[in-house]
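Visitor: structure for this input, please:
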Amino acid sequence: MKRRGPSATSVDSRLIPAALAVWAIALTGLYLGWPAALAVGALAGLAGLAALRRMWCGRVCAVALMLCGPIAAIWIGGQIHRADTHPLRLAAERGAPLTAQAEVVERPRGVRTEGFGARPGGVSQVVFLAKVQGATLVVLAPAERWRNLLPGQTVDVRGTLVPPRKGDLTVALLRVRGPPAHITEAPVWQRAAAELRDGLRKASEVLDPEAAGLLPALVAGDTDGMSPRVVDEFRTAGLSHLLAVSGANLAILCGAVLILLRFLRAGPRTCAVGAMVALVGFVVLAGPEPSVLRAAVMGAVGLLALVLGRERSALSALAIAVLGLVFYDPALAAEPGFALSVVATASLVLFAPRWARAMRDRGVPVGVAEALAVPVAANLATAPLVAGLSGQVSLVAVGANLVAAPVVAPATVLGVLAAVVAQVHPAVAELLVRIAGPEVDWLLGVGRHAAAVPGAAVTWPKGWLGALLLAVVIGVAVLVLRLRRTRVLAIAVLVGGFVALVPLRGIAPGWPPDGWAVVGCDVGQGDAVVLATAVPGQAVVVDTGPDPGAAAGCLRALGVHEVPMLVLTHLHADHVGGLSAVLADRTVGVIAVGPLRAPDWAWREVERQARAKRVRVVEPVAGERFAWPGLELEVIGPRRGPVVAIGDSNTVVNDYSLVLRAYTAAGRVLLTGDIELAGQAGLLDRDLSADVLKVPHHGSRYSLPSFLARVRPRVALVSVGAGNRYGHPSPHVLDVLRKQGALVLRTDEDGDLAVLPGARIVRRKGRRRWPRCGSTCTAGGLRPKRTTATSAGHSGNRSTWPDHGRPTS
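Guide: Sure, this is the predicted structure:
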């Protein structure tokens with residue numbers, strides 16, 4: 001009797017235990033130390049020996065586990081021990097200075113910061129890995145003169161060492177202050193890669209700015225030109241994976257080459273060679289760095305699964321890829337990108353083909369079945385990891401990826417061709433970019449419309465607990481929906497839950513609440529206030545915060561599409577940084593600015609953007625009034641002419657903020673910009689009474705008690721960023737306001753704040769903020785988790801709805 005082998009549809013899982021064991025050894029060692037790695041490796045070896053003796057699995061499976069466990073423990077544990085005991089690690093514990101020669105390991109990535117005061121936002125620093133004295137350091141350096149370094153170059157560095165974070169093999173973080181010195185020439189392949197990327201960037205300039213930034217990111221993971229607003233929208237829509245180099249890029253490019261060669265009737269060997277040439281060429285384009293090499297391996301595995309349709313072979317290849325990559329670079333075990341790549345590739349190997357076959361058996365056309373199965377499998381598999389990392393779950397990710405998928409491949413291929421052709425004929429490269437333009441615009445539109453869907457993303461617990469919780473939820477849901485008996489019950493539960501939760505809108509109002517008159521937007525450390533008119537969709541905006549993404553999210557959630565007047569109380573970065581977002585998708589009638597045109601860079605930017613959108617800029621003066629249906633604005637200050645900023649220029653600019661009083665359906669609202677002691681003292685002889693006060697300068701200590709007493713508000717709104725380094729708001733100022741009977745509300749604790757007639761307050765919590773750091777981590781707001789209503793007459797009441805807090809902004 002012949003022994004039966006595995007069927008064509010069975011999965012070859014013999015190497016999976018060994019791959020998981022090696023991954024676990026590296027992960028344990030990185031977080032718990034090298035002794036833990038040795039312990040886990042020993043346990044894996046014993047488990048393999050027991051499996052071999054008791055025939056728990058096949059011989060290959062048991063032997064692989066028995067050998068890989070101890071070998072990985074010794075190899076990886078040794079690397080971790082060397083990093084822990086390296087002299088530079090000990091020097092970092094003391095905060096010692098360092099002057100040394102370093103070899104750049106990866107391209108510097110921009111660290112994006114939000115502007116504040118006279119300091120503009122943008123990329124002011126870069127971060128990259130470098131080899132120093134045989135150890136790997138994370139280098140944080142000024143963007144100027146450091147951002148154009150290439151891997152393979154050596155450079156003299158000078159800075160201060162600080163301890164690294166846990167979870168990688170870097171021995172220290174080096175904070176560099178000065179410029180680089182004694183820079184050597186980069187290897188030829190790195191120079192070639194830089195020229196290809198530069199060619200693509202220059203060719204992309206024929207597109208609109210947002211599209212010109214997206215195409216290089218889509219093709220080669222080059223996010224230097226990406227708009228923060230687009231990054232936020234793609235994150236909310238579940239499309240952020242398109243902005244990083246992944247195995248999908250390589251699968252698309254190699255797949256295109258294979259299709260072309262098969263169309264030309266090339267043989268198998270020619271097809272294989274052509275695909276390999278394309279893979280190597282893409283690695284050169286994106287830069288042969290660890291993250292790109294990881295993507296190359298994963299892309300090859302994904303291509304094997306999708307092109308050959310043999311999930312048995314592809315799963316074995318995936319296991320070998322994990323083993324090889326973790327042995328090569330154990331730090332990959334703790335990288336989110338590595339985990340996402342492995343899980344996404346495994347889902348395409350294990351689930352996508354089966355789900356596509358199941359749909360085909362039910363009469364779904366082949367192309368439609370595969371188009372549905374791939375995004376559903378990838379998004380469901382990676383959703384727990386994404387939720388644990390970001391604290392959000394995108395509810396539109398599957399649909400957005402499904403709609404975006406048809407244009408990703410042609411845009412990627414055209415972008416790669418443009419990068420290559422730009423080296424010999426820039427005009428042809430620009431033509432290729434123009435052909436890719438509609439596809440890129442389609443992606444921008446998908447991201448924008450998906451992010452605008454109410455409830456597009458919901459908050460979720462962060463960390464391992466949140467990831468495990470969502471994995472359990474998805475697993476239970478899949479099991480329930482697969483069983484016919486429970487499928488009907490599941491649908492009934494969903495319908496019943498919807499019917500039961502609808503009445504809760506009366507307890508927890510939706511967003512925006514009906515009849516809102518004033519909204520203080522949670523834009524981080526900055527100001528943005530929206531004043532409703534009686535015309536639906538029309539509102540006056542006072543300041544735009546430090547960040548385009550936050551301002552756009554607030555206005556989008558409020559349904560504002562027409563802004564008859566945009567007021568910039570003064571030109572500090574935390575008040576004008578979101579100007580582009582307000583001008584982008586809305587009709588703006590006029591921009592009102594104060595008398596002081598400082599700082600110069602901000603005034604030039606306001607002029608440039610206003611001129612580009614053909615919006616008139618005006619300077620209202622004290623005593624002037626503006627009226628719209630249901631809203632009137634009175635200019636109260638400043639009452640002095642402009643001066644030359646001397647001494648503390650920030651204070652001078654703050655004191656020349658426009659001060660407005662708005663007459664709204666919710667009563668009088670005093671908008672104070674950032675006026676400080678002198679600016680407030682100059683207004684004490686005026687009638688300052690108001691029902692709502694936008695507390696000056698984020699609640700800083702530079703507020704006069706006499707000024708606050710003259711206003712005596714029922715509601716005090718403090719627009720402030722969580723964990724800011726300026727000490728805002730001042731506890732003394734908050735105490736003064738509370739003693740006067742005001743309900744004090746803070747955007748860092750309460751989120752977006754809406755004031756309704758009768759001094760009713762509605763909070764919208766859950767719009768989280770992250771630090772912005774270029775291509776490595778970016779920020780974006782989330783949709784509301786829950787909203788709560790409060791009356792100004794009950795200032796001691798606080799929301800009892802759960803809120804998972806915000807990371808520091």
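Visitor: what about stretch 688-696, start to end distance?
Guide: 13 Å (Cα to Cα, to the nearest Å).
Visitor: does residue 146 sit in a helix or strand, and which one?
Guide: With elements taken from DSSP states H and E, nothing contains residue 146; it lies in neither a helix nor a strand.
Visitor: check contacts around it.
Guide: Applying Cβ atoms under 8 Å, 6 or more residues apart in numbering, we find residue 146 in contact with 108, 126, 176, 179, 180. (Glycine included, C-beta is placed from N, CA and C.)
Visitor: for it, phi and psi?
Guide: Residue 146 has phi and psi values of phi -110, psi -20 when expressed as degrees, to the nearest 10.
Visitor: quick one, which of the contacts of residue 146 are buried?
Guide: Among the contacts of residue 146, those classed as buried by 16 or more other Cβ atoms under 10 Å are 108, 126, 176, 180.
Visitor: before we move on, the earlier item: any chance of the contacts of residue 146 in JSON lines, plus pLDDT and distance to residue 380?
Guide: Listed next are the contacts of residue 146 as JSON lines, based on pLDDT from 0 to 100; distance: Cβ to Cβ, whole Å:
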{"residue": "108", "pLDDT": "90", "distance to residue 380": "35"}
{"residue": "126", "pLDDT": "91", "distance to residue 380": "36"}
{"residue": "176", "pLDDT": "93", "distance to residue 380": "43"}
{"residue": "179", "pLDDT": "90", "distance to residue 380": "48"}
{"residue": "180", "pLDDT": "91", "distance to residue 380": "45"}
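Visitor: could you check the pLDDT of the residue nearest to residue 748 when sequence neighbours are not counted?
Guide: Closest residue to residue 748 apart from its sequence neighbours, by Cβ to Cβ, 6 or more residues apart in numbering: residue 722 at 4.1 Å. If you check residue 722, the pLDDT there is 89.
Visitor: what about residue 722, how many residues nearby?
Guide: Residues within reach of residue 722, counting by other Cβ atoms under 10 Å, total 18.
Visitor: go on, residue 314?
Guide: Number of residues near residue 314 (other Cβ under 10 Å) recorded here: 27.
Visitor: same question, residue 55
Guide: Other residues near residue 55 come to 9 when the count uses other Cβ under 10 Å.
Visitor: tell me the pLDDT at it?
Guide: So residue 55 comes in at 84 (pLDDT).
Visitor: distance of it from residue 717?
Guide: From residue 55 across to residue 717, the span is 70 Å (Cβ to Cβ, to the nearest Å).
Visitor: now do the helices in the stretch 451-600 of the chain.
Guide: In the stretch 451-600 of the chain, the segments counted as helices under DSSP state H, counting those that start in this stretch are 463-482, 484-501, 548-558, 573-576, 579-584, 600-613.
Visitor: let's see the longest one as CSV, backbone CA atoms only.
Guide: The reference is to helix 463-482. Extracted as CSV, the C-alpha positions of helix 463-482 are listed here (Å, rounded to 0.1, in the frame of the first residue of the first chain):
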residue,chain,number,x,y,z
GLY,A,463,-0.4,47.5,23.2
TRP,A,464,-0.4,43.7,23.3
LEU,A,465,-3.7,43.6,25.2
GLY,A,466,-5.5,45.6,22.5
ALA,A,467,-4.0,43.4,19.7
LEU,A,468,-5.0,40.2,21.5
LEU,A,469,-8.5,41.5,22.2
LEU,A,470,-9.1,42.4,18.5
ALA,A,471,-7.6,39.0,17.4
VAL,A,472,-10.1,37.2,19.6
VAL,A,473,-13.0,39.4,18.3
ILE,A,474,-12.1,38.7,14.7
GLY,A,475,-11.5,35.0,15.3
VAL,A,476,-14.9,34.6,17.1
ALA,A,477,-16.6,36.6,14.3
VAL,A,478,-15.1,34.4,11.6
LEU,A,479,-16.1,31.2,13.4
VAL,A,480,-19.6,32.4,14.0
LEU,A,481,-20.2,33.5,10.5
ARG,A,482,-18.9,30.2,9.1
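Visitor: quick one, strands of the stretch 651-800 of the chain?
Guide: 659-664, 667-671, 692-694, 715-718, 743-746, 752-756, 760-765, 786-791 (DSSP state E, counting those that start in this stretch).
Visitor: just the stretch 51-200 of the chain next, same as before
Guide: For the stretch 51-200 of the chain, applying DSSP E, counting those that start in this stretch gives strands covering 97-104, 109-113, 122-132, 135-142, 154-162, 172-176.
Visitor: pick out the shakiest of those strands, pLDDT-wise.
Guide: strand 109-113 (a mean of 81).
Visitor: okay, the angle between that strand and strand 135-142?
Guide: Relative orientation of strand 109-113 and strand 135-142, computed by axes from the mean of the first three to the mean of the last three Cα atoms, to 10 degrees: 50 degrees.
Visitor: strand 109-113 packs against which elements?
Guide: Judged by 3 or more Cβ pairs under 8 Å, 6 or more residues apart in numbering; DSSP states H and E, strand 109-113 is in contact with strand 122-132.
Visitor: can you give the strand pairings for the strand it packs on, parallel or anti for each?
Guide: Strand pairing for strand 122-132, using DSSP bridges, gives strand 97-104 (antiparallel), strand 109-113 (antiparallel), strand 135-142 (antiparallel).
Visitor: with mean neighbour count as added columns, please give those strands in JSON lines.
Guide: Converted to JSON lines, the strands paired with strand 122-132 look like this (neighbours: other Cβ atoms under 10 Å):
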{"stretch": "strand 97-104", "mean neighbour count": "16"}
{"stretch": "strand 109-113", "mean neighbour count": "21"}
{"stretch": "strand 135-142", "mean neighbour count": "21"}
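Visitor: so which of those strands is nearest residue 570?
Guide: strand 109-113 (20.0 Å; Cβ to Cβ).
Visitor: for that closest one, what is the distance to the chain centroid?
Guide: Relative to its chain's centre, strand 109-113 lies at 12 Å (Cα atoms, centre = their mean, to the nearest Å).
Visitor: with stretch 65-75 instead?
Guide: 37 Å.
Visitor: go on, stretch 530-550?
Guide: 23 Å.
Visitor: now do the end-to-end distance for that stretch.
Guide: First-to-last distance for stretch 530-550 - Cα to Cα - comes to 13 Å.
Visitor: any idea of the mean pLDDT in that stretch?
Guide: Stretch 530-550 shows a mean pLDDT of 94.
Visitor: give me the buried positions along that stretch.
Guide: 530-533, 538-550.
Visitor: the residue nearest to residue 242 when sequence neighbours are not counted: which element?
Guide: Nearest residue to residue 242, sequence neighbours excluded (Cβ to Cβ, 6+ apart): residue 218, at 5.8 Å. Element membership for residue 218 (DSSP H and E) is helix 209-220.
Visitor: before we move on, back to that, pick the most buried one from the helices of the stretch 451-600 of the chain.
Guide: Scoring the helices of the stretch 451-600 of the chain by mean neighbour count under mean count of other Cβ atoms under 10 Å gives helix 573-576 as the most buried, with a mean of 28.
Visitor: where does the prediction get shaky in the chain?
Guide: Residues of the chain meeting the criterion pLDDT under 70: 1-12, 115-118, 121, 247, 288-291, 294-295, 298-313, 484-509, 640-648, 766-809.
Visitor: again, 50 this time
Guide: Applying pLDDT under 50 to the chain flags the ranges 1-9, 311, 498, 501-508, 645-648, 768-809.
Visitor: going along the chain, name the helices of the stretch 1-150 of the chain.
Guide: All helices of the stretch 1-150 of the chain, identified by DSSP H, counting those that start in this stretch, fall at 16-32, 34-54, 59-84, 87-93.
Visitor: would JSON lines of those helices with distance to residue 406 and mean neighbour count be doable?
Guide: Formatted as JSON lines, the helices of the stretch 1-150 of the chain follow (distance: least, Cβ to Cβ, whole Å; neighbours: other Cβ atoms under 10 Å):
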{"stretch": "helix 16-32", "distance to residue 406": "33", "mean neighbour count": "23"}
{"stretch": "helix 34-54", "distance to residue 406": "44", "mean neighbour count": "18"}
{"stretch": "helix 59-84", "distance to residue 406": "40", "mean neighbour count": "20"}
{"stretch": "helix 87-93", "distance to residue 406": "49", "mean neighbour count": "16"}
